[in-house]
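Peer 1: Sharing a sequence plus its predicted fold:
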Amino acid sequence: MGYLSSCNAESAISTCDSYNLTKKSLSKSQNKQFQIRNFCFVDLEAATKGFSENNFLGKGSHGSVYRAALDGGGLIAAVKRTTAHCSPERNNGGAQCAIASPAENEIETLSRVRSPRLVNLLGFGSDPVDGRKLIVVEYMPNGSLYDLLHKNDTRPPGLARRVRIAVQVAKAVHHLHSSNPPVIHRDIKSSNVLFDGKWNARLGDFGLALRGHVEDVKVQCTPPAGTLGYLDPCYLAPSDLSAKSDVFSFGILLLEIFSGRNAIDLKYSPPSVVDWAAPLIRSGDYGEIFDPNIDTSSDESAVRMLAVLAARCVKSTAEKRPAMAEVVQCLIAASKRITSQVWNSFGRVRQRVRVTPPPLIQYEPLVECTETVKLKTFMGSSRRTRKVSGATSVPLKNKSNGPNEINVGRSNSIGCVDDIKSAPLDLSLCCKRGGTGVSVKGMMSRSKSTGELGEMHKRYGGIVLQMIRNPNVRELESSKLLVKFSLI
Ligand SMILES: Nc1ncnc2c1ncn2[C@@H]1O[C@H](COP(=O)(O)OP(=O)(O)OP(=O)(O)O)[C@@H](O)[C@H]1O
């Protein structure tokens, strides 16, 4: 425990992550060294008025948390008074591993990572009588995400706000995973997401976090842990741990945020949110997984995108889950669509005002194509029955019209093709996320398409960059629509 051996009472310790400090991309403020303080117990006792009831914020499995007014009231902090105070030695096939207590682990980990998305460490102390650790972290005055979602004393948050929270938590997890060595939180859940004074979501509680590479002895010696309902089913032994375990827990959190249901709620059958939501998403009933208190009707494409993302995060095969970088990107894209819909509904966007397309979502073609892809879509059923048959995939049939031509057959369950707005979704079917530098220019045979340009930009966030009339293509039968997309 580097931090423990290197500090004396009243001292302040500068900590830094040598890797992060060399990263050019970090801002000046992130580059600044921060001081972890070693607080005197008497100061913490005084700041919490003797750990009084009035200052009590809540109790977790590793201790109680109190509001503290430090530095003569100039610094408001939260002090976690922990219950465990030993570092048991474990034997792992002959190798001795010191397993830190959750408090020691939290101090050790948080002294190495720092971000405005996290509940950051300010310092620590210890009880002189029994040696129990006290952890001093930033005070979060606006409660937890759990309270916001499940306590009925406030109006349920709308879709835009829920997605904004999801973006902030995803960024926090991504920050941890991209640290060197990476940090795996292992306890992502709504009660560990707290709101700061500006109502920004911050990820806290690093009692179970593991900092290190999967092959490190410390990681190999640490038994699986987490919270029931959020725990990755693939994580059964220390060697199973990967960042994808956090992705699973984050997926459960997404479902909780969208639906307003607890990760496990015995009031429902099935009680597990994932067992309930996954079949709905698979059958294309995306809207069904959203809290009935929120209006999702105007945001169909974003709703679909969010539901599919959550389903991918909770896939039972860890390798099939997206990395947090992709999760962040996808949530930001959904958030932008929702925001633009909100603006539309207020009537602030006029048709004549040029709409700036949102930044490109980067795709890479699934099919080998370098020049032009012809995408033919066929009339399916009526608009009323529009539904996508699978959470992530729709049959894509290559009928070999030419080297770069693809026929996309639309089944009844997919819906109506003469709804031009749904056409770009088909394009996304022949693209795989995660690639770089592919942008798409589209030409539609319908004059209607020009009028849809602004809408396309807003709804599909860069998939369709340009929709222009193609004078060479004659009007097709009303039941068919030919769409040409050039990959540039
Ligand atoms: N930095 C903080 N600022 C304000 N309140 C906090 C802070 N940290 C924790 N709390 C509150 O204290 C309570 C206990 O938090 P703690 O992190 O110990 O446990 P938990 O996350 O609720 O449960 P568990 O320990 O089982 O994961 C929670 O209700 C939380 O809202």
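Peer 2: Here it is on my side, so go on.

Peer 1: So out of everything in the stretch 101-250 of the chain, what residue is nearest the ligand?
Peer 2: Residue nearest to the ligand within the stretch 101-250 of the chain (C-beta to the nearest ligand atom): Met140, separated by 3.7 Å. Every C-beta, even on glycine, is put in place using the N, C-alpha and C of the backbone.

Peer 1: what's near enough to touch the nearest residue to that residue once chain neighbours are set aside?
Peer 2: Once flanking residues are discounted, Met140 sits nearest to Leu194: 3.6 Å by C-beta to C-beta, 6 or more residues apart in numbering. Residues in contact with Leu194 (C-beta atoms under 8 Å, 6 or more residues apart in numbering) are Val119, Met140, Asn142, Gly143, Ser144, Leu145, Ala201, Arg202, Gly204.

Peer 1: Tell me which residues touch the second one, please.
Peer 2: The one in question is Met140. With C-beta under 8 Å, 6+ apart, Met140 has these contacts: Ala78, Val119, Leu194, Phe195, Asp196, Arg202, Gly204.

Peer 1: So what does it look like in phi/psi?
Peer 2: Per-residue torsions, Met140: phi -110, psi 100 (degrees, to the nearest 10).

Peer 1: that older thread, state the helix or strand in which the residue nearest to Met140 lies.
Peer 2: Assigned by DSSP states H and E, Leu194 belongs to strand 193-195.

Peer 1: Can you give me the neighbour number for the residue in the stretch 51-200 of the chain positioned nearest to the ligand?
Peer 2: Here the stretch 51-200 of the chain gets closest to the ligand at one residue, Gly60, 2.0 Å apart by C-beta to the nearest ligand atom. For Gly60, the tally of surrounding residues (other C-beta atoms under 10 Å) stands at 16.

Peer 1: where does the closest residue to it other than its chain neighbours fall, phi/psi-wise?
Peer 2: Closest residue in space to Gly60, ignoring its immediate chain neighbours: Asp205 at 7.1 Å, by C-beta to C-beta, 6+ apart. The phi and psi values for Asp205, taken as degrees, to the nearest 10, are phi 60, psi 90.

Peer 1: give me every residue that touches Asp205.
Peer 2: Gly60, Glu106, Val119, Asp187, Asn192.

Peer 1: Next up, identify which helix or strand the residue lying closest to Arg117 once chain neighbours are set aside is on.
Peer 2: Distance criterion C-beta to C-beta, 6+ apart; nearest residue to Arg117, sequence neighbours excluded, is Ala172 at 3.6 Å. Here Ala172 sits within helix 159-177, counting by DSSP H and E.

Peer 1: So which residues on the stretch 101-250 of the chain come close to the ligand?
Peer 2: Residues of the stretch 101-250 of the chain found near the ligand (C-beta under 6 Å from any ligand atom) are Val119, Val137, Glu138, Tyr139, Met140, Ser144, Asp187, Ser191, Asn192, Leu194, Gly204, Asp205.

Peer 1: How about residues contacting stretch 60-75?
Peer 2: Looking at stretch 60-75 with C-beta under 8 Å, 6+ apart, the contacting residues turn out to be 39, 43-44, 47-48, 51-52, 55-59, 76-84, 102-103, 122, 136, 139, 191, 205, 207.

Peer 1: Which of these fall in strands?
Peer 2: Judged by DSSP state E, those include 56-59, 76-82, 122, 136 as members of strands.

Peer 1: List the contacts of stretch 262-280.
Peer 2: Stretch 262-280 is contacted by residues 150, 189-190, 227-230, 251-253, 255-256, 259, 261, 286, 288-289, 307, 310-311, 314, 391 when judged by C-beta under 8 Å, 6+ apart.

Peer 1: at 7 Å what do you get?
Peer 2: Applying C-beta atoms under 7 Å, 6 or more residues apart in numbering, the contact partners of stretch 262-280 are 150, 189, 228-230, 252, 255-256, 259, 261, 288-289, 311, 314.

Peer 1: Quick one, which of those residues are buried?
Peer 2: Lys189, Gly229, Tyr230, Ile252, Leu255, Glu256, Ser259, Arg261, Glu288, Ile289, Ala311, Val314 (16 or more other C-beta atoms under 10 Å).

Peer 1: can you give me the helices for the stretch 251-400 of the chain?
Peer 2: With DSSP state H, counting those that start in this stretch as the definition, the stretch 251-400 of the chain shows helices at residue ranges 273-282, 300-313, 324-345.

Peer 1: If you count neighbours, what's buried in the first one?
Peer 2: Judged by neighbour count (16+ other C-beta under 10 Å), helix 273-282 contains these buried residues: Val273, Val274, Trp276, Ala277, Ala278, Leu280, Ile281.

Peer 1: what helices or strands is the helix holding Ala172 leaning on?
Peer 2: When contacts are defined as 3 or more C-beta pairs under 7 Å, 6 or more residues apart in numbering; DSSP states H and E, helix 159-177 packs onto strand 201-203, helix 243-259, helix 324-345.

Peer 1: would you list these in JSON lines and tack on mean pLDDT?
Peer 2: Listed next are those as JSON lines, based on pLDDT from 0 to 100:
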{"stretch": "strand 201-203", "mean pLDDT": "98"}
{"stretch": "helix 243-259", "mean pLDDT": "98"}
{"stretch": "helix 324-345", "mean pLDDT": "86"}
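
Peer 1: So which of these is the most surrounded?
Peer 2: Among these, judged by mean count of other C-beta atoms under 10 Å, the one packed with the most neighbours on average is helix 243-259 (a mean of 26).

Peer 1: what inclination does that one have with respect to helix 159-177?
Peer 2: Helix 243-259 and helix 159-177 are oriented at 170 degrees to each other (axes from the mean of the first three to the mean of the last three C-alpha atoms, to 10 degrees).

Peer 1: Now do helix 243-259: everything it contacts.
Peer 2: Against helix 243-259 from outside (C-beta under 7 Å, 6+ apart): 149, 162, 165-166, 169-170, 173, 177, 182, 184-186, 188-190, 226, 229-230, 232, 235, 262-263, 273-274, 277, 289-291, 306, 309-310, 313-314, 318, 321-322, 324, 327.

Peer 1: Now the buried members of those.
Peer 2: Buried members of the contacts of helix 243-259, counted by 16+ other C-beta under 10 Å: 149, 162, 165-166, 169-170, 173, 177, 182, 184-186, 188-190, 226, 229-230, 232, 235, 262-263, 273-274, 277, 289-291, 306, 309-310, 313-314, 318, 321-322, 324, 327.
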